[in-house]
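Visitor: Next one to model:
(one chain, ligands or ions: 2)
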Amino acid sequence: MTAPTPRIIAVDGPAASGKGTLARRLARHFGFAYLDTGLLYRAVGLRLLRAGQDPADEAAAIAAAGTVTPAELGDPALRSEATGQAASAVARIPGVRQALLDLQHRFAVAPADEKGRPTPGAVIDGRDIGTVICPGADVKLFVNASLETRAKRRHKELLDRGEAIIYARVLEDMERRDQQDRNRSVAPMAKAPDAFEIDTTKLDADGAFAAALTFIGSRLD
Ligand SMILES: Nc1ncnc2c1ncn2[C@@H]1O[C@H](COP(=O)(O)OP(=O)(O)OP(=O)(O)O)[C@@H](O)[C@H]1O
Ligand SMILES: Nc1ccn([C@@H]2O[C@H](COP(=O)(O)O)[C@@H](O)[C@H]2O)c(=O)n1
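Guide: Ligands and ions are numbered 1, 2, ... in the order given. Next up is the predicted model:
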């Protein structure tokens with residue numbers, strides 16, 4: 001007997017919209033594996049920063065992307081603002097996206113939890129999951145919030161983590177990153193036509209989870 005095809009929930013949206021918070025909660029709720037694909041691009045960006053290389057250096061970025069492994073995705077330095085900017089720069093390079101494609105597809109086809117145990121489905125979050133990585137996903141969500149709300153959340157997060165940075169800088173960086181992610185020529189951040197949009201500007205994490213569950217309804221049966 002062949003194993004059933006894993007169920008896929010694709011969660012896309014801009015930085016600090018709350019998609020990771022929602023995706024992790026959905027994964028726990030359904031007993032699915034979870035992949036934060038932003039960490040893959042961050043891992044590539046961080047490697048270049050640590051090697052003193054320019055994140056726009058295509059050859060160096062493609063070489064780094066070819067050797068990224070899930071094992072390095074726990075590094076706390078991945079969460080810094082500088083790494084986020086470097087991630088957005090490498091994410092524009094078609095060869096980098098191509099190099100990270102296989103890892104994401106393998107995860108979607110055979111999802112497994114942190115202990116390597118197979119799960120009946122996966123929640124995958126990023127910018128192009130519903131449009132490029134898993135266009136046939138069972139459920140597609142697009143999580144959004146106003147730029148100011150997202151910048152406030154990210155600023156608080158960075159301060160809590162001990163990163164000294166002013167709000168105006170976070171706002172400016174986030175606006176630049178949004179532009180770059182939306183307007184790049186390959187796999188731009190976009191809401192899939194069949195995605196359900198959740199605006200978290202005035203919705204807390206519990207509200208976003210409830211809205212997602214209502215939309216998911218019987219779609220995973
Ligand atoms: N609905 C919500 N309301 C208020 N704050 C929220 C909500 N969801 C998440 N947050 C908070 O906002 C911050 C960003 O959330 P989260 O990391 O989930 O965003 P993200 O979209 O995954 O960001 P990134 O793409 O940069 O990883 C976190 O501090 C989180 O606790
Ligand atoms: N599927 C994805 C995921 C991420 N990116 C790029 O990585 C940057 C960092 O992502 P975070 O979710 O951790 O903020 C992001 O700004 C994108 O440029 C991507 O292109 N595709």
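Visitor: residues in contact with Val68?
Guide: Residues in contact with Val68 (CB atoms under 8 Å, 6 or more residues apart in numbering) are 40, 43-44, 47, 99-100, 103. No exception for glycine: its C-beta is placed from N, CA and C like everyone else's.
Visitor: same deal with Pro6?
Guide: Going by CB under 8 Å, 6+ apart, the list of residues near Pro6 reads 108-111, 119-122.
Visitor: Among the residues you listed, which ones are in strands?
Guide: 121-122 (DSSP state E).
Visitor: For Val186, state which of the contacts of Pro6 is nearest.
Guide: Nearest to Val186 among these: Ala108, at 19.2 Å, using CB to CB.
Visitor: Where does the prediction get shaky in the protein?
Guide: 1 (pLDDT under 70).
Visitor: re earlier: tell me which of the contacts of Val68 fall in helices.
Guide: 40, 43-44, 47, 99-100, 103 (DSSP state H).
Visitor: Can you pull the residues of this structure lying near ligand 1?
Guide: Residues of the chain lying close to ligand 1 by CB under 6 Å from any ligand atom are 13, 15-21, 38, 153, 157, 200, 203-205, 208.
Visitor: and which of those residues is nearest to Val186?
Guide: Using CB to CB, those come closest to Val186 at Gly38, 16.3 Å.
Visitor: Show the contacting residues for that closest one.
Guide: Contacts of Gly38 by CB under 8 Å, 6+ apart are 20, 87, 125-127.
Visitor: returning to that earlier point: tabulate the contacts of Val68 in CSV, adding columns for neighbour count.
Guide: Listed next are the contacts of Val68 as CSV, based on neighbours: other CB atoms under 10 Å:
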residue, neighbour count
Leu40, 27
Ala43, 24
Val44, 30
Arg47, 22
Ala99, 20
Leu100, 21
Leu103, 16
